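1. build the 3D model from these lines:
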Amino acid sequence: MALPQAVCGEQCDMIIESFHRSVHTMHLLVIEDDSVLGKALQRGLTDAGHECEWSRNGQKGLHEALTQRFDAVVLD
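-> Numbers count the residues shown, from 1 in each chain. Model prediction:
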């Protein structure tokens, strides 16, 4: 619930919005060999507020998935 603009102001609204984004941030791994699709997925997920790593091949992606902690893995 946002506070009334007169009480809080724009700066407060920006802080609240930032907090809400951080609460839902996920650490994601995208495994995609197509560079156009991989870049688009990484950009879209990052713009949505998530931490996103992109692996361009399955072997490297498997290694990253096994050696790092991710909330989810997106692969084709």
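2. contacts for the one helix or strand V74 maps to next, please.
-> Applying DSSP states H and E as the criterion places V74 in strand 72-75. The set of residues external to strand 72-75 that reach it, using CB atoms under 8 Å, 6 or more residues apart in numbering, is 26, 28-32, 41, 45, 58, 61, 65. For every residue, glycine as well, the C-beta is placed using N, CA and C.
3. where does the chain dip in pLDDT?
-> When residues are selected by pLDDT under 70, those of the chain lie in 1-23.
4. could you pull out the helices for it?
-> For the chain, the helices defined by DSSP state H occupy 5-23, 35-47, 58-67.
5. check the contacts of strand 72-75 for burial and list the buried ones.
-> For the contacts of strand 72-75, a neighbour count by 16 or more other CB atoms under 10 Å gives the buried set as 28-32, 41, 45, 61.
6. turn those into TSV, columns for distance to V73.
-> What follows is the buried ones among the contacts of strand 72-75, written out as TSV (distance: CB to CB, whole Å):
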residue	distance to V73
L28	7
L29	5
V30	8
I31	7
E32	11
L41	12
L45	12
G61	8
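7. nearest to D76 among those residues?
-> E32 (5.7 Å; CB to CB).
8. contacting residues around E51?
-> The contact partners of E51, by CB under 8 Å, 6+ apart, come to 25-28.
9. quick check, nearest of those to F70?
-> H27 (5.4 Å).
10. okay, that closest one and Q68: tell me how far apart.
-> Distance of H27 to Q68, computed by CB to CB, to the nearest Å: 8 Å.
11. shared neighbours, the two?
-> What both H27 and Q68 touch, as defined by CB under 8 Å, 6+ apart, is the set E53.
12. among those two, which residue is more densely surrounded?
-> Remark: of H27 and Q68, H27 carries more neighbours, 13 against 10, as counted by other CB atoms under 10 Å.
13. which non-adjacent residue is nearest the more buried one?
-> Nearest non-adjacent residue to H27, counting by CB to CB, 6 or more residues apart in numbering: E51, 4.6 Å away.
14. now do that neighbour against G44, distance only.
-> Relative to G44, and taking CB to CB, E51 is found at 13 Å.
15. same question, L62
-> 23 Å.
16. got it, and I31?
-> Taking CB to CB, one finds I31 at 16 Å from G44.
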